[in-house]
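**Q** Starting from these lines, generate the structure:
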Amino acid sequence: MSTATDRVVTDLTVGGMTCAACVGRVEKRLARIDGVTASVNLATGRARVVHPAEVPPADLVAAVERAGYTAAPVPDGPAGAVPAEEAEGRLRPAVTAALAAPVLTVSMAPGLQFPAWQWVCFLLAVPVVTWGAYGFHRRAWHNLRQATATMDTLVSLGVLASFGWSAYALFLGGAGAADMRMPFSLTADTGGAAHVYLEAAVGVPLFVLCGRFLEGRARRRGGSALRALAELGAKEVCVREAGVERLVPVRQLLPGQEFVVRPGEKVATDGVVVGGRSALDASLLTGESVPVEVGPGDRVTGATVNVGGVLVVRATAVGADTQLARITALVTEAQAGKARAQRVADAVAGGFVPCVLAVAACVLGFWLGAGGDPQAAVTAAVAVLVVACPCALGLATPTALLAATGRGAELGVLVRGPEVLEGLRRIDTVVLDKTGTLTTGRMELVEVAAAPDADEAEVLRLAGAVEDRSEHPIGRAVAAAARLRGGADLPAVDGFAATAGLGVRGTVGGRRVRVVRPDRAPGLPGRLRRALARAESDGRTAVVVELDGRAAAVLTVGDTVRPGSWRTVRRLRGLGLEPVLLTGDRPGPARAVAAGLGITVVHAAASPERKAEVVAELRAAGRCVAMVGDGVNDAVALASADLGVALAGGTDAAIGAAGLTLVRGDIESLVVAVRLARRTMATIRTNLVWAFGYNAVLLPMAALGLLNPMLAAVAMSASSLLVVANSLRLRTWRPARGVR
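**A** Here you go, the predicted model:
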């Protein structure tokens, strides 16, 4: 539960829902409480309820129970499970199948009908109709008391009507003769012969129960992303206090405590390395295959695996504040929401069941009024009740979104809600921040231009040794490059001194080394002057290295473009999206990055307010805009865009304002997100076409007596399974390579 001023959000698990009509009923019941709004997801069995703080969760649970369903607040721990009631358990379908199989076989195969076979089938059908279909009858009774109807109402009426007519035919209608034989018919026409519909009475609950059991398994697979995320974290942690190590449950870890991570162990929580060097495998969390080297001062993320040496980490975030917890919360929120297509489908399904009941009554009255066979009239009406199931309609959207959000989490793409996927499909313009988004956001050594009489490697080694004592970002970049290229520890420095705004100096191996601003080193040779000009035109920073009082090299430092940025821009264009660069940086660096990436529209030196204005101008021009950023200065623009996209390595403000988060901190994941959204929406459209088309074709057939009730039950269950199976294809979806 999370608070927001005087309103709170409570998540409930709701059991007993079987179709979209159930969803509408639960939402309406909760909405009767003053100030309460609810969104119920059939696929996850969850209700997200926004209510005043003074309304306790117990009142919400009571409201759901009055509607005829079970409910309970969502417990702490992994989410995504489907209530056990919805899957109907394993026992009931198994026993129902054992009792129904002989009835179906003998009823459909006249050659197997022995003397008094119908009475044996009747005895086998009694426990199926009573115990096997008990859940349908119980929920139908609750519906009747509330003057509502759901899919359970249709199934219950169909089973009772089939069994009631069969009992009448056996005891009073002449079908009880020992030598009675009954030919199997695909339609409602019996040819005037005595007919029992025990195969429909047992087949309808059997197929529906089995269908729901399979749906439950499939939907639990769709929610497996949350359980997988919950299992990523470490369970225990080795805490170090006053030089003593002890093993404690990870939930007891506090911010500021230091803990030890040995090779092969998971990092218990987010923190900063205070001792040791190692490599961390983040593939379980971000999908990155290359381990990341870390050392003192580097930030580490919980659930990553230590594949190198021993690390000592100081915890900076625990529990719900960790990145893993935020990822899990985002996926939970996404799977609890509703897409616009789902809301439309739920509204249609809510009025669908009463209409079906009216159609069934009209069919029965028409057949009897036209002088038709009463048995055929009952059969046609039962077929209408059975075949008209809104399950497929109710599952068409949420199962696809459930599978897509889970798959997105595995691919490093987190969506805040289903409306994000819908919005992402409509995007035609992508506004990209520069620093930290298209670029690394870190100062790195870009170029070393040495004087003709100087050795480049030696100059860098000496400059790096002096800068290693500096805390300035330029100094850290030079020292890191010297250490990386030199392949050894940097030499010692004597007489180190730093002058703010000017540079640093010191003595290394008997040589006087000074690293200063270019304006402090006049009279540079032509080669070094050209290097300075290049740095200035590219918007980068340059410093001059002097050895023993003579200019020896120009070092150019700048923010480098991410390796995948060029591919991302090219692939976005291939998807029909127009990239726009929007940055607060100076025009020089902005134009240089844009030219290198092939972006033609550039807005530089933009304040946070100006960034929001640019987004608003694009939207006013009819563009559907996605804003991609990572900093606090991007938060307003992220919130103003049709869709905000944040990098996971960015600030909390940016992530909070965005609807989509790229977990890997890799801009290339944006292309994956766009393709996943398009595939998801295509899957939803296919599901809805099938769900509506199925009823459009089979309802008239049932009303005309062209469909046997048992076959109607098979078709109804198959329609739901096809929708779920089509959605589950998203769980194995992989983004295609190259530009589509």
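**Q** Please give me every residue in contact with the residue nearest to residue 209 when sequence neighbours are not counted.
**A** The shortest distance from residue 209 to any residue that is not its chain neighbour, by C-beta to C-beta, 6 or more residues apart in numbering, is 4.3 Å, and that residue is residue 93. (C-beta placed from N, C-alpha, C; glycine too.) With contact set as C-beta atoms under 8 Å, 6 or more residues apart in numbering, residue 93 has these partners: 206, 209, 210, 213.
**Q** Over to residue 181?
**A** When contacts are counted by C-beta under 8 Å, 6+ apart, residue 181 is found next to 110, 113.
**Q** shift numbering so it begins at 602
**A** Taking 602 as the first residue, the last one we looked at is residue 782.
**Q** Give me the three-state assignment for it.
**A** Secondary structure state of residue 782, per DSSP: H, G, I helix; E, B strand; the rest coil, is coil.
**Q** now residue 1066
**A** Secondary structure assignment for residue 1066 (three-state DSSP): helix.
**Q** if I look at it, how far off is residue 662?
**A** In this structure, residue 1066 and residue 662 are separated by 68 Å, where distance is defined by C-beta to C-beta, to the nearest Å.
**Q** Compare these two and say which is more crowded by neighbours.
**A** Under the criterion of other C-beta atoms under 10 Å, the comparison of residue 1066 against residue 662 puts residue 1066 first, with 25 against 18.
**Q** Which strand or helix spans residue 1059?
**A** helix 1057-1068 (DSSP states H and E).
**Q** and the next element down the chain from that helix?
**A** Later in the chain than helix 1057-1068, the nearest helix or strand by DSSP H and E is helix 1074-1087.
**Q** any idea which helix or strand comes after that following helix?
**A** Moving toward the C-terminus from helix 1074-1087, the first helix or strand encountered (DSSP H and E) is strand 1095-1100.
**Q** Paired strands for that next one, with orientation please.
**A** Strands adjacent to strand 1095-1100 in the sheet, as given by DSSP bridges, are strand 1104-1109 (antiparallel).
**Q** contacting residues around the partner strand?
**A** Counting by C-beta under 8 Å, 6+ apart, 1063, 1066-1068, 1070-1071, 1076, 1092-1099, 1113-1118, 1121, 1144 sit against strand 1104-1109.
**Q** Can you say which of these are buried?
**A** When the contacts of strand 1104-1109 are checked for burial by 16 or more other C-beta atoms under 10 Å, the buried set is 1063, 1066-1068, 1071, 1076, 1094, 1097, 1099, 1114-1117, 1144.
**Q** how about those residues in TSV, adding pLDDT and distance to residue 1298?
**A** Converted to TSV, the buried ones among the contacts of strand 1104-1109 look like this (pLDDT from 0 to 100; distance: C-beta to C-beta, whole Å):
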residue	pLDDT	distance to residue 1298
1063	92	82
1066	91	80
1067	92	81
1068	89	76
1071	81	76
1076	84	74
1094	91	83
1097	90	84
1099	82	81
1114	93	84
1115	93	85
1116	91	79
1117	89	82
1144	90	76
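**Q** pretty sure residue 838 belongs to a strand, no?
**A** Yes: with three-state DSSP as the criterion, residue 838 is located in a strand.
**Q** closest to residue 1138 among the contacts of residue 694?
**A** For the contacts of residue 694, the residue nearest residue 1138 by C-beta to C-beta is residue 814; the value is 68.1 Å.
**Q** Surely the closest one and residue 691 touch.
**A** Yes: A contact is recorded between residue 814 and residue 691 when judged using C-beta atoms under 8 Å, the distance being 7.3 Å.
**Q** Comparing the two, which residue is more hemmed in?
**A** Between residue 814 and residue 691, counted using other C-beta under 10 Å, the more crowded position is residue 814 (18 against 10).
**Q** tell me the secondary structure for that one?
**A** Taken by three-state DSSP, the conformation at residue 814 corresponds to helix.
**Q** host element of the residue nearest to it when sequence neighbours are not counted?
**A** The spatially closest residue to residue 814, leaving aside those adjacent along the chain, is residue 694, at 5.1 Å (C-beta to C-beta, 6+ apart). The secondary structure element spanning residue 694 is helix 692-709 (assigned by DSSP H and E).
**Q** For the residue nearest to residue 770 when sequence neighbours are not counted, report the pLDDT, please.
**A** Distances taken as C-beta to C-beta, 6+ apart put residue 776 closest to residue 770, at 3.9 Å, once the chain neighbours are dropped. The predicted local confidence for residue 776 comes out at a pLDDT of 77.
**Q** So residue 776 lies in a helix, does it not?
**A** No: the secondary structure assignment for residue 776 gives coil rather than a helix, going by three-state DSSP.
**Q** Around it, count how many other residues there are.
**A** Residues contacting residue 776 under the criterion other C-beta under 10 Å number 21.
**Q** Please determine how far it is located from residue 1099.
**A** Distance of residue 776 to residue 1099, given as C-beta to C-beta: 103 Å.
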